[in-house]
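Chemist: Test case, fold it:
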Amino acid sequence: MGAGKCLRLQTGTGCGNLKLIFEIRHFCIEEAETAWSALETYRGGRADFSDVLLGQINQLHGCETTITLDKKASEADTFQLLTEEY
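Modeler: Have a look, this model is predicted:
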């Protein structure tokens, strides 16, 4: 992508758009390996990408489990659904 060119993202292709953004050399992606891993996990699950990324970054920094109110996010290994029992 040259100078002055616009990045055109397609709606409904979240994974493709994220992959495109990750591959642009002008962007510095913090925790890039974790972001790529989160993208792969996101592709295979129901949780939002931001939830998956948050859970994986938390694990990277020593957090065993991230508590969530989001039922879809709780399906990922890094999350546990907050219940009255918890």
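
Chemist: where does this protein have low pLDDT?
Modeler: Scanning the chain for pLDDT under 70 picks out 1-14, 86.

Chemist: where exactly do the strands run in it?
Modeler: For the chain, the strands defined by DSSP state E occupy 66-68, 79-81.

Chemist: State the distance from Ile29 to Glu75.
Modeler: In this view, Ile29 and Glu75 are 25 Å apart by C-beta to C-beta, to the nearest Å. Glycine gets a C-beta too; all of them are placed from N, C-alpha and C.

Chemist: same thing with Val52?
Modeler: 10 Å.

Chemist: what touches both of the two?
Modeler: Gly45 (C-beta atoms under 8 Å, 6 or more residues apart in numbering).

Chemist: So these two - more neighbours on which side?
Modeler: Each of Val52 and Glu75 has its neighbours counted (other C-beta atoms under 10 Å); Val52 has more, 26 against 13.

Chemist: Pull the contacting residues for the more buried one.
Modeler: Ala38, Thr41, Tyr42, Gly45, Ala73, Ala76, Thr78.

Chemist: and with 6 Å instead?
Modeler: Ala38, Thr41, Tyr42, Ala76 (C-beta atoms under 6 Å, 6 or more residues apart in numbering).

Chemist: okay, those in CSV with distance to Asn17 and neighbour count next?
Modeler: Shown next, in CSV, are these (distance: C-beta to C-beta, whole Å; neighbours: other C-beta atoms under 10 Å):
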residue, distance to Asn17, neighbour count
Ala38, 14, 24
Thr41, 17, 19
Tyr42, 12, 21
Ala76, 21, 23
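
Chemist: measure Leu82 to Asp70 for me?
Modeler: 9 Å.

Chemist: ok, Glu85 - how many residues close by?
Modeler: Using other C-beta under 10 Å, Glu85 is surrounded by 4 other residues.

Chemist: residue boundaries of the helices in the chain?
Modeler: For the chain, the helices defined by DSSP state H occupy 14-23, 32-43, 49-60.
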